[in-house]
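Trainee: Sequence plus the predicted model coming up.
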Amino acid sequence: QTQIDWWHAMGGELGELLEGVAEAFNESQDDFVVRPSFRGTYTETMTGAIAAFRANQQPHIVQVFEVGTGTMMAAEGAIYPIYQLMADFDVPFDPAAYLPAVVGYYADPNGNMLSFPFNSSTPIMYYNREVFEAAGLDPDTPPATWAEVEAASLAILESGAASCGFTTSWPSWVMLENFKAWHNQPLGTLANGFEGFETEFVFNTELLANHWDNLKAWADAGAFRWGGPGPGPDAFPAFYAGDCAMVFGSSASRAGVLRNADFEVGFGMQPYYDTVEGAPQNSIIGGATLWVLQGKSEAEYEGVARFFEFLSQPEVQAQWHQDTGYLPITLASWELTQEQGFYDENPGADISIQQMTLNEPTENSRGLRFGNFVQIRDIISEEMESVMSGAKTGQQAADDAVRRGNALLRDFEAALN
Ligand SMILES: O=P(O)(O)OC[C@H](O)CO
């Protein structure tokens, strides 16, 4: 049997579900064995795979989060584009079968898919229905605007039902990247980088600076709790413990929420400022895709193509979506999930899709494609932390994030030439 190594970044419930998918493939045929290997966080997995490639010890498949897309695309000699792989092994692969928001994110300018869309998410709101009730709030009506989030948080604090209104995981993804798309404002020029690596950040607007100042004021009042930089590791534990009544995070935190919350959970959309015309627009995807690395044998690549064919089946995709909260990535798996009555039986499980499809995406809400964005995200959460500590105003931090981010964009561009 030919072995296929798959490096991934999924621990906990998601890791177990991912291993189940590999096992199902292994049982479905006798020629290939996919061996998943957990490599830490998304950042660790990506940097580990790049280092391994240089040492000629790379896996066949590596799971890379969406913000690594620009960097992977530019690593031309190191990657085997999916559209080519599938064509080389005569595996039918039709990008039109996938959700447009997903195809647009991972395709080259000619519409060719470069990586295999495995787990796409979008941030949503989870809330503790029991705390809402105890605070005299309607658990069937989650706050829709930031003013409502503030009011609900203050009511929760005053009632003593919880000690914190809301927290967030992935602060840059939620409180900057999606925040901008949701309000139909650009993060960067050139259609958020989709039209070229000469892009520059322009997100330091009054709206964003005010929002970050609001987060600080809410933190001071106890309404908001900083959940930590990067993935925001403290956010969901604070939600599970009943400390924070609401948490913003990946739709795929659903698997963990269903397992770890011992209270009734409600699901809502991301909030918006109703002073902004056109908001809410649509949210953007996060999560990760599977990149195939160069340097392996033809027999092994055939196994990779067969594995992706297996993953493309509507039944496999639909099950993965339903188990994890990741988006149903193909239209067929979305339809199958509807036919199966899953959304009727699991209210809130389609909030992610409603958000993604709320409006026809604009240049500001298709997603983002920036080189070095993995490092730039660290800078952004560092700048946000300096607002939380009181060292900077929202405007200063946003200006500094743009300036430091732009320097890394220019480094990236220079390295390409
Ligand atoms: O937790 P995930 O897999 O939905 O990913 C969230 C962010 O998009 C990662 O960049």
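Mentor: Great, that's in hand.
Trainee: contacts and neighbour counts: CA atoms only from here.
Mentor: Will do.
Trainee: This protein against the ligand: which residues are in contact?
Mentor: Residues of the chain lying close to the ligand (C-alpha under 6 Å from any ligand atom) are Phe65, Glu66, Val67, Ser121, Ser250, Ala252, Gly286, Gly287, Ala288.
Trainee: Kindly present those residues as TSV, with separate columns for pLDDT, secondary structure and neighbour count.
Mentor: Below are the residues of the chain next to the ligand laid out as TSV (pLDDT from 0 to 100; DSSP: H, G, I helix; E, B strand; the rest coil; neighbours: other C-alpha atoms under 10 Å):
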residue	pLDDT	secondary structure	neighbour count
Phe65	97	strand	22
Glu66	95	helix	25
Val67	93	helix	25
Ser121	97	strand	29
Ser250	98	strand	25
Ala252	97	helix	25
Gly286	96	strand	27
Gly287	97	strand	22
Ala288	98	strand	24
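Trainee: Need those residues in a markdown table (columns: distance to Ser28).
Mentor: Formatted as a markdown table, those follow (distance: C-alpha to C-alpha, whole Å):
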| residue | distance to Ser28 |
| --- | --- |
| Phe65 | 28 |
| Glu66 | 29 |
| Val67 | 33 |
| Ser121 | 27 |
| Ser250 | 31 |
| Ala252 | 26 |
| Gly286 | 30 |
| Gly287 | 26 |
| Ala288 | 25 |
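Trainee: State the pair within those residues that is farthest apart.
Mentor: Greatest spatial distance in these: Val67 and Ala252, 16.7 Å, computed using C-alpha to C-alpha.
Trainee: Spit out the contact partners of Gly11.
Mentor: Phe38, Gly40 (C-alpha atoms under 8 Å, 6 or more residues apart in numbering).
Trainee: Contact partners for the residue in the stretch 301-417 of the chain positioned nearest to the ligand?
Mentor: The ligand sits closest to Tyr326 of the stretch 301-417 of the chain, with a gap of 7.0 Å, by C-alpha to the nearest ligand atom. By C-alpha under 8 Å, 6+ apart, the residues touching Tyr326 are Asn119, Ser120, Ser121, Thr122, Ser251, Ala252, Gly287, Trp320.
Trainee: On the three-state scheme, it is what?
Mentor: Classification of Tyr326 using DSSP: H, G, I helix; E, B strand; the rest coil returns coil.
Trainee: from here on, count from 57
Mentor: Okay, residue one is now 57; in that scheme the one you just asked about reads as Tyr382.
Trainee: mind checking pLDDT for it?
Mentor: For Tyr382, the pLDDT comes out at 97.
Trainee: Check for me that Ala457 belongs to a helix.
Mentor: Yes. Membership of Ala457 in a helix is supported by three-state DSSP.
Trainee: Distance of the spatially closest residue to it that is not a sequence neighbour relative to Ser339?
Mentor: For Ala457, ignoring the flanking residues on the chain, the nearest one in space by C-alpha to C-alpha, 6 or more residues apart in numbering is Ile436 at 5.6 Å. To Ser339, Ile436 is 19 Å away according to C-alpha to C-alpha, to the nearest Å.
Trainee: Comparing these two, which shows the higher neighbour count?
Mentor: Ser339 (34 against 25; other C-alpha atoms under 10 Å).
Trainee: Where do the helices of the stretch 307-456 of the chain begin and end?
Mentor: 310-316, 354-368, 370-380, 387-395, 398-401, 407-412, 429-444, 450-472 (DSSP state H, counting those that start in this stretch).
Trainee: Any chance of JSON lines for those helices, columns distance to Trp62?
Mentor: Formatted as JSON lines, the helices of the stretch 307-456 of the chain follow (distance: least, C-alpha to C-alpha, whole Å):
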{"stretch": "helix 310-316", "distance to Trp62": "21"}
{"stretch": "helix 354-368", "distance to Trp62": "10"}
{"stretch": "helix 370-380", "distance to Trp62": "17"}
{"stretch": "helix 387-395", "distance to Trp62": "23"}
{"stretch": "helix 398-401", "distance to Trp62": "30"}
{"stretch": "helix 407-412", "distance to Trp62": "27"}
{"stretch": "helix 429-444", "distance to Trp62": "21"}
{"stretch": "helix 450-472", "distance to Trp62": "27"}
